[in-house]
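Visitor: Dropping a prediction and its sequence here:
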Amino acid sequence: MTTQHVKVTVNGEVREADVEPRLLLVHLLRENFGLTGTHVGCDTSNCGACTVHVNGMSAKSCTMLAVQADGAEVKTIEGMANGAALHPLQQGFWDQHGLQCGFCTPGMIMQSAWLLEQNPDPSEDEIRLGISGNLCRCTGYVNIVKAIQQAAGELRAADAAPVASVTAS
Amino acid sequence: MTTETEPRTSAAIGGMGHSVKRKEDPRFIRGAGEYIEDVVLPGMLWMDIVRTPYAHATIKSIDASEALKIPGVLAVITGADLEKAGLHWMPTLAGDKQMVLPTTTVMYQAQEVAAVVATNRYAAADGVAAVFVDYEPLPVIVDPHKSLRPDAFVLRPDRGPDKANNHIWHWESGDKAATDAALAAAEVRVSEDIYIPRIHVASIETCGCVADWDAVRGQLTLHMTSQAPHAIRTVLALVSGLPEQNIRVKTHDIGGGFGGKVPVYPGYVLAVVASLTVGKPVKWIEDRSENLQADSFARDYHIHAELGATKAGKITSLKVKTIADHGYTDAAADPSKFPAGLFNVITGSYDFPNAFVEVDGVYTNKPPGGVAYRCSFRVTEAVHAIEQMVDILAHDIGKDPAQLRMENFIQPEQFPYKTPTGWEYDSGNYGVALQKAMDMIGYADLRKEQAEKRARGELMGIGISSFTEIVGAGPSKDFDIIGIKMFDSCEIRVHPTGKVTARIGVQSQGQGHETTFAQIIAEELGFDTDTAPYGLGTYASRSTPVAGAATAMASRKILDKARKIAAHLLECAEDDLDWEPGKFTVKGSPDRFKTIQEISFAAYTNHPQGMEAGLEAVDYYDPPNLTFPFGSYICVVDIDKTTGQVTVRRFVAVDDCGNIINPMIVDGQIHGGLTMGFAPALYESITYDELGNNQAGTFMDYLLPTAVETPRWETGKTITPSPHHPIGAKGVGESATVGAPPAIVNAVVDAMWHLGVRKIDIPMTPQKVWAILHEKGVA
């Protein structure tokens, strides 16, 4: 089987691999790069457990080839916390009991992060619609909605806070 | 009964009643959980499975030569290979037997036919595609009624000439003659057929394992995603002939179970055989289609129920005859004496003078059925039937369904209450729960709104379900699975530093056991919840009723010893000590005390002469009875006449699970359970065509509810502690899945009763509802 070289920036770190053209992005992340926080739940793009960000867009990594991500910036659940400091969504899921078995949680958090980037102040209906591509079998979604609302509030408050110092990008 | 209780311990200790945040969450929210697919061992190979497209066929030949030419493919295992070692059949937990791989005949679509072992998952899949199997299709039976006809072919000739039919077992309960007489004399009778379709738990993580055979040590380690690792180990020992002590079953984080991860699937055994064959660790992870087509199923009960009552609405008798479709083998995990589970709890919350229930198990060309779907041993089927029958009776005699329930409930003073089918309910207070649900939802106003809307031609319905559950299997005199008694255990070891390790016999798949079991210990001993529990299994809501009790009892043994040590340290008599969670104090001298941490240290450094060092205890808890959680649910639906779409506008759930360990976790369990009751009511079912083709083999066709259609659950509580449970708890994980579906069905029928609709089977899809409305001339 011929292979193709891919170079992907994952959570800010450049990673490379020689892969079969048919390799799925989720398998590149999990098996080549050892990032097992991204899960596979259905194979048909329904459950969203494999959700990551590709170039800032939410994407189901089980329905994308690794070679399609060549040159892309990919963010996974492992890139959400800043060291010991949890992302507000991670904190929200913990505080609000937004998870039980935890299997859908990484995809749910990645999709919610993208949702809040698009719409920082979503209504409950908008949140529910925004995560409707992610299935949870344990929680009944009530506490997931609360978790996202908590995080949305925190993120808005952080945005509104005066900036103490400006760093060059 | 009360509706709220104050925690006895401080928030710092975090005993019962505190919403302690879960100890397991930090790893999950960072993507650092370890699920079965995350397990990677050095040199690990992949296994994939060849499955039959036919539901019933003779295997004429299997040709693996092309598959073996594919780079990376190392071995192909067939039934003939297994037969040489006597491994082609295995026992089921129900005492039947099941093929690991077929040698002559396949019995259901997607049954395992061969296993391919390869260096990676893609090569294994290529190998599967290249194995050529020559099948001769055979006639198929998917309908259990046809299966029982005298001219039906025999699905399981392996059972011998004395069992030349498709009938597996007959089970009955109650007094038939008395029930027949009461029914014959009844002023009013309701008679209905109720079908509860085959459904699938569809946990978001599918099943899988990594089998690791160590030839040098003669040890097998099976990493897996199982709700019942100890039972799996026993079955593996029976099948493989390996000594049980040389088999280690290691469970990791489990991505949802709900009953589907109790059975022993052929894939597990195949992975073990593959590892034994190639001498390396072998991973098998099923994909979603395999999961939805071949793993064990729930429900598939064809129920015929007859209910007798007086004209005034006093119920007198219940007779139920049921056909249980088990597929081609009975692989349910019911206790040995209960092939239809606890289905005879079907008299529910009502004071029935007479009842008789019978169930017949039947084979068909389908995968094994009869496992749970987040419910305790067929209780959902029972509740589904009785709650619909009671509602239909109410409508028939023109009485409000809430009023009819109130008039027929077992009253608080009747407990302990012996049911006509032999159970002894320990406690209950059903009227209070229903009244609370009615108050929360504003029942009287809703009935007014419904009347106004009906006058305008709009379809709105209100449905009630006042269920009684039966959980916590179970007392060992009655409950075993393949001979293993269903007690459970806890071992607590207090370390010198005052930290605790607890080992429990049950397995978490999202319930938060690491947190709640620590809270029980905190409640009993006053240690904070920074405790480390680790784990016959978790199913049928038995963790809290059984292992939770064991944890409390082991804690109390620790406390007895701690009291002796405290008396020694404080130089006083044991009777002179007062206990509060966390410390012993000398009566009348509040400044003379020893904390549990000080006592822990002393247990290893300064214990009384003649006392064994250390602070540890084991308890094997054999419950004296089951526990009986209950609740009342009320649902409001609106039906779109033009599309048949049912919308659940409101859903109030009042649950009574006894004393509550962690209110946050209990509510989470109820939200999840409600959603898994809502799902089969409106969306989920696995159907087969006449050739036995599964018509819901992906999430495109098997519809799990998303956040959009899932109702915004409203919950309430009443608290009636179990009188025989050490901490008064009863179990909660499944109540809502049991109680929710009939509330939704009753609401939909209530919306259409005036059109002449008496009953509708689930799932109540828009297509089905529209067809009914169309037939009635409304749509």
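Guide: Thanks, I have it. Here the structure is a predicted model, which means the values were calculated and not measured. Numbers count the residues shown, from 1 in each chain, chains lettered A, B, ... in the order given.
Visitor: Quick one: low-confidence residue ranges for chain A.
Guide: Under the criterion of pLDDT under 70, the regions of chain A flagged as low confidence span A:1, A:163-169.
Visitor: what about whichever residue of it sits closest to chain B, how many neighbours?
Guide: Closest to chain B within chain A is A:G37: 1.9 Å, counting by C-beta to the nearest C-beta. All C-beta atoms are positioned from the backbone trio N, CA, C, and that covers glycine. Residues within reach of A:G37, counting by other C-beta atoms under 10 Å in any protein chain shown, total 25.
Visitor: any residue of the longest helix seen in chain A up close to chain B?
Guide: Secondary structure of chain A per DSSP state H: the longest helix is helix A:142-160. Yes: with C-beta under 8 Å from any C-beta of the partner chain as the threshold, helix A:142-160 lies in contact with chain B, specifically through A:V142, A:N143, A:I144, A:V145.
Visitor: thinking again about what came up before, who's in contact with the residue of chain A closest to chain B?
Guide: By C-beta atoms under 8 Å, 6 or more residues apart in numbering or on different chains, the contact list for A:G37 reads A:T76, A:I77, A:E78, A:P106, B:R30, B:G31, B:A32, B:G33.
Visitor: For B:G422, give its distance to B:G428.
Guide: Between B:G422 and B:G428 the distance, using C-beta to C-beta, to the nearest Å, works out to 17 Å.
Visitor: Which one of the two is surrounded by more residues?
Guide: Neighbour tally, B:G422 and B:G428, criterion other C-beta under 10 Å: the higher count belongs to B:G428, 24 against 11.
Visitor: Under a three-state scheme, what state does that one occupy?
Guide: In terms of secondary structure, B:G428 is coil; the call rests on DSSP: H, G, I helix; E, B strand; the rest coil.
Visitor: still on that earlier bit, out of the residues of helix A:142-160 next to chain B, which one sits closest to B:Y373?
Guide: When the residues of helix A:142-160 next to chain B are ranked by distance to B:Y373 (C-beta to C-beta), A:V142 comes first, at 20.5 Å.
Visitor: how about low-confidence regions in the stretch 401-550 of chain B?
Guide: Per-residue confidence of the stretch 401-550 of chain B (counting by pLDDT under 70) places the weak regions at B:506-507, B:530-542.
Visitor: and with 90 instead?
Guide: Across the stretch 401-550 of chain B, the ranges flagged by pLDDT under 90 are B:471-491, B:497-518, B:520-521, B:525-550.
Visitor: show me what contacts the residue of it found nearest chain A?
Guide: Each residue of the stretch 401-550 of chain B has a distance to chain A, by C-beta to the nearest C-beta, and the smallest belongs to B:G510, at 3.1 Å. Contact analysis of B:G510 by C-beta under 8 Å, 6+ apart lists A:Q100, A:C101, A:G102, A:C138, B:I254, B:G255, B:G256, B:G257.
Visitor: Chain neighbours aside, what residue packs nearest to the last one?
Guide: Meaning B:G257. Among residues not flanking B:G257 along the chain, B:Q509 sits closest, at 3.6 Å (C-beta to C-beta, 6 or more residues apart in numbering or on different chains).
Visitor: now do B:D640
Guide: B:T647 (7.4 Å).
Visitor: Which strand or helix spans that neighbour?
Guide: When elements are assigned from DSSP states H and E, B:T647 belongs to strand B:646-656.
Visitor: And the next helix or strand past that strand?
Guide: Helices and strands here follow DSSP H and E; after strand B:646-656, the next one along the chain is helix B:663-682.
Visitor: packing partners for that next one?
Guide: Based on contacts counted as 3 or more C-beta pairs under 8 Å, 6 or more residues apart in numbering or on different chains; DSSP states H and E, the elements that helix B:663-682 packs against are helix A:142-160, strand B:646-656, strand B:714-717, helix B:735-752.
Visitor: Send over the longest one as PDB, restricted to the C-alpha atoms.
Guide: The one in question is helix A:142-160. The C-alpha coordinates for helix A:142-160 follow below in PDB (Å, rounded to 0.1, in the frame of the first residue of the first chain):
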ATOM      1  CA  VAL A 142     -30.300  18.800  30.900                       C
ATOM      2  CA  ASN A 143     -27.000  19.200  32.700                       C
ATOM      3  CA  ILE A 144     -25.000  19.500  29.400                       C
ATOM      4  CA  VAL A 145     -27.100  22.600  28.600                       C
ATOM      5  CA  LYS A 146     -26.400  24.000  32.100                       C
ATOM      6  CA  ALA A 147     -22.700  23.300  31.600                       C
ATOM      7  CA  ILE A 148     -22.600  25.200  28.300                       C
ATOM      8  CA  GLN A 149     -24.700  28.100  29.800                       C
ATOM      9  CA  GLN A 150     -22.200  28.300  32.800                       C
ATOM     10  CA  ALA A 151     -19.200  28.400  30.400                       C
ATOM     11  CA  ALA A 152     -20.900  30.900  28.100                       C
ATOM     12  CA  GLY A 153     -21.400  33.300  31.000                       C
ATOM     13  CA  GLU A 154     -17.700  32.900  32.100                       C
ATOM     14  CA  LEU A 155     -16.400  33.400  28.600                       C
ATOM     15  CA  ARG A 156     -18.500  36.500  28.100                       C
ATOM     16  CA  ALA A 157     -17.300  37.900  31.500                       C
ATOM     17  CA  ALA A 158     -13.700  37.200  30.500                       C
ATOM     18  CA  ASP A 159     -14.200  39.000  27.200                       C
ATOM     19  CA  ALA A 160     -15.800  42.000  28.900                       C
END
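Visitor: who's in contact with it?
Guide: With contact meaning C-beta under 8 Å, 6+ apart, helix A:142-160 is reached by A:87-89, A:91-93, A:95-99, A:108, A:112, A:115-116, A:120-122, A:124, A:127-128, A:131, A:136, B:668, B:671, B:707, B:712-713.
Visitor: got the domain boundaries for chain A?
Guide: With automatic domain parsing as the criterion, the domains of chain A are listed as A:4-79, A:88-160.
Visitor: winner for burial among those?
Guide: Using mean count of other C-beta atoms under 10 Å in any protein chain shown, the stretch among those with the largest mean neighbour count is domain A:88-160, at a mean of 22.
Visitor: how far does that one sit from the chain's center?
Guide: Domain A:88-160 has its C-alpha centroid displaced from the chain centroid by 11 Å (C-alpha atoms, centre = their mean, to the nearest Å).
Visitor: Between the two ends of it, what distance do you get?
Guide: 15 Å (C-alpha to C-alpha, to the nearest Å).
Visitor: again, but for stretch B:477-493
Guide: The first and last residues of stretch B:477-493 sit 29 Å apart, counting by C-alpha to C-alpha.
Visitor: Helix or strand: which one has the residue of the stretch 51-200 of chain B found nearest chain A?
Guide: Residue nearest to chain A within the stretch 51-200 of chain B (C-beta to the nearest C-beta): B:Y122, separated by 6.6 Å. Secondary structure assigned from DSSP H and E places B:Y122 in helix B:121-130.
Visitor: mind listing the helices for chain A?
Guide: Shown for chain A, the helices assigned by DSSP H span residues A:25-27, A:88-95, A:105-118, A:124-130, A:142-160.
Visitor: Including distance to B:R405, could those helices go into JSON lines?
Guide: As requested, these are arranged in JSON lines below (distance: least, C-beta to C-beta, whole Å):
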{"stretch": "helix A:25-27", "distance to B:R405": "50"}
{"stretch": "helix A:88-95", "distance to B:R405": "38"}
{"stretch": "helix A:105-118", "distance to B:R405": "38"}
{"stretch": "helix A:124-130", "distance to B:R405": "33"}
{"stretch": "helix A:142-160", "distance to B:R405": "27"}
